[in-house]
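# Sequence and predicted structure, then a few things I'm wondering about:
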Amino acid sequence: MNVLVTLEMPVKPEMLEDYLGVLKEALVETRAYDGCISVATYVDRETSAVLLVEEWETAEHQQAYMAWRVETGLLEAVGPFMQGELTIKTLDPRPEV
């Protein structure tokens, strides 16, 4: 069953445009990763937080992807852009509601 995953990244306002440049390149690989259905990017006008809304075939696909990102060092590399902790939520669809 498909899942929706949100990642909220509190980016330092003065680094937002640079971060979006890094993210634009990284999301090419994300969208090509096994199990990724889609990724949309949103920016909070007031806080400069970046929100990714990802749809995956399964939670396991997204977890494998995140493990790969940790292994390849991307999460560590974007650390200097952040002004807080990354928040990840996994949401299961409820089409019957």
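Structure received.
# Which parts of the chain are strands?
3-9, 36-43, 50-56, 87-91 (DSSP state E).
# on contacts alone, who are the packing partners of the third one?
Taking 3 or more CB pairs under 8 Å, 6 or more residues apart in numbering; DSSP states H and E as contact, the helices and strands that strand 50-56 lies on are strand 3-9, helix 16-32, strand 36-43, helix 59-72. Quick note: C-beta positions are derived from backbone N, CA and C, even for glycine.
# I'd like the strands of the chain as JSON lines, with mean neighbour count, distance to Leu74 and mean pLDDT appended.
Conversion of the strands of the chain to JSON lines gives the following (neighbours: other CB atoms under 10 Å; distance: least, CB to CB, whole Å; pLDDT from 0 to 100):
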{"stretch": "strand 3-9", "mean neighbour count": "18", "distance to Leu74": "12", "mean pLDDT": "96"}
{"stretch": "strand 36-43", "mean neighbour count": "14", "distance to Leu74": "14", "mean pLDDT": "98"}
{"stretch": "strand 50-56", "mean neighbour count": "18", "distance to Leu74": "13", "mean pLDDT": "97"}
{"stretch": "strand 87-91", "mean neighbour count": "12", "distance to Leu74": "14", "mean pLDDT": "94"}
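# And the helix-or-strand element of the chain with minimal mean pLDDT, how far out from the chain middle?
Of the helices and strands making up the chain, the lowest-confidence element is helix 74-77, at a mean of 86, by mean pLDDT, DSSP states H and E. Its chain's C-alpha centre and that of helix 74-77 lie 12 Å apart, by CA atoms, centre = their mean, to the nearest Å.
# still on that earlier bit, go through the strands of the chain and name the closest to Met66.
Taking CB to CB, strand 87-91 is the member of those nearest to Met66, at 7.9 Å.
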